[in-house]
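Student: following is a predicted model, sequence given first.
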Amino acid sequence: MKFYVVSGSTLGTAEVAAETIVEEFAKLPQGEQVEAQLLHSPSLEQIQDASHLVIVCSTHGAGEYPDSFVPFVEALEASEQPLPNLEKLLLIGIGSSDYDTYNGAIKQLAQVFKQKNLQPLVEPLLIDVSEDFTPDLTAASLFTANIDEFFA
Ligand SMILES: Cc1cc2nc3c(=O)[nH]c(=O)nc-3n(C[C@H](O)[C@H](O)[C@H](O)COP(=O)(O)O)c2cc1C
């Protein structure tokens, strides 16, 4: 099993959320058996062997991906069969409902994965920073709430 927790972030919120997921996971029974590898804006190649993948991605611009995350998405779109070992995928979005394009990046990313026949475990889990002042802890709770299914 190869478990990666990946962030796409501009100002660091999604990075901290990914870090918190890894920290909280390490305290759980599953975390004693499996090592989570944390990567910020990786290349697609860096996670090529992923069997389990959590992506935490925020939205910038007008519904856009963080700049540093664009190469990952472009590589995903360009690949005919990305992540051939992927069994479980969980997508967590961080955005603000002050914007019309609320969490646009993670919603787009879910479509890209679906086009590649990689179905997320559930629809993207959305965190709204306009009303949630601890998005990192919320991200960890959302992951934990799905953990049984994720490792089933
Ligand atoms: C310039 C700017 C544009 C933003 N655009 C959006 C947007 O289109 N949709 C959205 O849901 N959130 C938007 N946000 C809110 C960010 O997603 C939110 O602040 C998030 O916590 C930033 O995450 P990060 O620190 O990982 O970059 C925007 C924030 C800024 C500063």
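Tutor: Noted; the coordinates are in hand.

Student: in this structure, which residue is closest to the centre?
Tutor: Nearest to the mean C-alpha position of the chain, counting by C-alpha atoms, centre = their mean, stands Ile55 at 1.1 Å.

Student: look at that residue and report its pLDDT.
Tutor: According to the prediction, Ile55 has pLDDT 98.

Student: buried residues in stretch 34-46?
Tutor: The neighbour-count criterion (16 or more other C-beta atoms under 10 Å) identifies 36, 38, 40-42, 44 as the buried residues of stretch 34-46. All C-beta spots, glycine's among them, are computed from the backbone N, C-alpha and C.

Student: now swap in stretch 105-125 and tell me
Tutor: Going by neighbour count (16+ other C-beta under 10 Å), the buried part of stretch 105-125 is 105-110, 113, 116, 118, 120-121, 124-125.

Student: how about Thr10, what does it touch?
Tutor: Contacts of Thr10 were listed using C-beta atoms under 8 Å, 6 or more residues apart in numbering, and they are 58, 60, 66-68.

Student: swap in Phe143?
Tutor: The contact partners of Phe143, taken as C-beta under 8 Å, 6+ apart, are 21, 24-25, 54, 90, 92, 150.

Student: ignoring the adjacent residues along the chain, who's closest to Glu131?
Tutor: Ser97 (7.5 Å; C-beta to C-beta, 6 or more residues apart in numbering).

Student: mind checking pLDDT for that neighbour?
Tutor: In this prediction, Ser97 carries a pLDDT score of 98.

Student: who in this structure is up against the ligand?
Tutor: Within the chain, the positions near the ligand by C-beta under 6 Å from any ligand atom are 9-14, 58-63, 66, 94-96, 99, 101-104, 129.

Student: among these, which are located in helices?
Tutor: Per DSSP state H, helices hold the following members of the residues of the chain next to the ligand: 13-14, 104.
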